[in-house]
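J.: I would like to see how this sequence folds:
(one chain, ligands or ions: 1)
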Amino acid sequence: MSEGPDAMIRAVRRDFRDVAARTGIPSLDARVEMALRAVPRDVFVLPEDRGHAWDNRALRIDCDQSISQPFVVALMTQLLDVRPGATVLEIGTGSGYQAAVLAALGALVFSVERHLELATAAVERLARLQIGTVTVKIGDGTRGWPERAPFGHILVTAGASRLPAALLDQLGPGGRMVLPVGPPGGTQCLQLVARRSNGSLVVRDVLPVRFVPLVGGG
Ligand code: SAH
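T.: Numbering: from 1, shown residues only. Below you'll find the model as predicted:
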């Protein structure tokens, strides 16, 4: 049985410390911690998993997908470096949890999900929590959201076999993209892709992770 937000935050802090030498990030940021505390994770997990909602681990959701481990959500969010009012493109809405965390940081979120069932449930949850700053679209997220581009922040929450070209195109100057890259079904590498103001890209490997595959594109 999970103990609630305090225990989850303690576990997330521990994970940050344990991998600090590899990530270059010393600790959980206070704003990200507030966002994690503000979003009731129990609302986003399957009813039978409610007792584990605040555990620091990934859980299964519908359509054979998963809601990421809170530490990974926190790390990706922190790498994305979102300020209030920033616009974020998320690929892989899933349960809507990561989008809700970004919204709690004051971001305006555009999120794409390929499964109608997941997108519909996520929209209902976000409405119930009165989160009005997340827009969900059903479709192939590897194409991004051209009508809203360019983005200063792009977060991909499914494992890409390589950097998706359309998403790179939609990453504006000074922008940051965080995504797992690697073979589907295997271990991916969480990467931080930064576009410099002169347009060039800098890619940094952050940490090995395991995500469900990013489907489609090519
Ligand atoms: N961010 C989610 C977890 C995402 S799991 C959360 O917080 O709950 C990965 C999600 O990516 C799954 O819901 C999967 O259906 C979706 N996905 C995979 N490939 C996709 C694609 N090409 N376009 C949009 N969504 C995709």
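
J.: The chain against the ligand: which residues are in contact?
T.: 63, 65-68, 91-92, 94-95, 97-98, 112-115, 118, 140-142, 157-158, 212, 214-216 (CB under 6 Å from any ligand atom). Quick note: C-beta positions are derived from backbone N, CA and C, even for glycine.

J.: Inside strands: which ones of the residues you listed?
T.: 65, 66, 67, 91, 112, 113 (DSSP state E).

J.: bridging residues for the fifth one?
T.: The bridge-partner assignment for residue 112, based on DSSP bridges, gives residue 91, residue 137.

J.: show me what contacts it?
T.: Residue 112 makes contacts with 89-93, 136-141, 144-145, as judged by CB atoms under 8 Å, 6 or more residues apart in numbering.

J.: mind running it again at 7 Å?
T.: By CB atoms under 7 Å, 6 or more residues apart in numbering, the residues touching residue 112 are 91, 93, 137, 139, 141, 145.

J.: on that earlier part again, so can I have a markdown table of the ones in strands among the residues of the chain next to the ligand showing pLDDT?
T.: A markdown table is the format used below for these (pLDDT from 0 to 100):
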| residue | pLDDT |
| --- | --- |
| 65 | 96 |
| 66 | 96 |
| 67 | 97 |
| 91 | 98 |
| 112 | 98 |
| 113 | 98 |
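
J.: May I ask which of those residues has the most neighbours?
T.: residue 113 (29 neighbours; other CB atoms under 10 Å).

J.: Give me the neighbour count for the closest residue to that residue other than its chain neighbours.
T.: Spatially, and ignoring its direct neighbours in sequence, residue 113 is nearest to residue 93 (3.6 Å; CB to CB, 6 or more residues apart in numbering). If you count neighbours by other CB under 10 Å, residue 93 ends up with 28.

J.: What backbone torsions are found at residue 93?
T.: phi -60, psi -40 (degrees, to the nearest 10).

J.: Check the contacts of residue 112 and tell me the two furthest apart.
T.: Across the contacts of residue 112, no pair lies farther apart than 93 and 145, at 12.2 Å, counting by CB to CB.

J.: Tell me which stretches of this structure form strands.
T.: Taking DSSP E to define them, one finds strands in the chain at 59-61, 65-67, 87-91, 108-113, 134-138, 151-156, 171-181, 188-195, 201-209.

J.: Throw those into CSV and include distance to residue 15, thanks.
T.: Shown next, in CSV, are the strands of the chain (distance: least, CB to CB, whole Å):
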stretch, distance to residue 15
strand 59-61, 16
strand 65-67, 16
strand 87-91, 22
strand 108-113, 24
strand 134-138, 26
strand 151-156, 19
strand 171-181, 16
strand 188-195, 13
strand 201-209, 10
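
J.: Quick check: which of those is nearest to residue 18?
T.: Once those are compared by CB to CB, strand 201-209 is nearest, at 10.7 Å.
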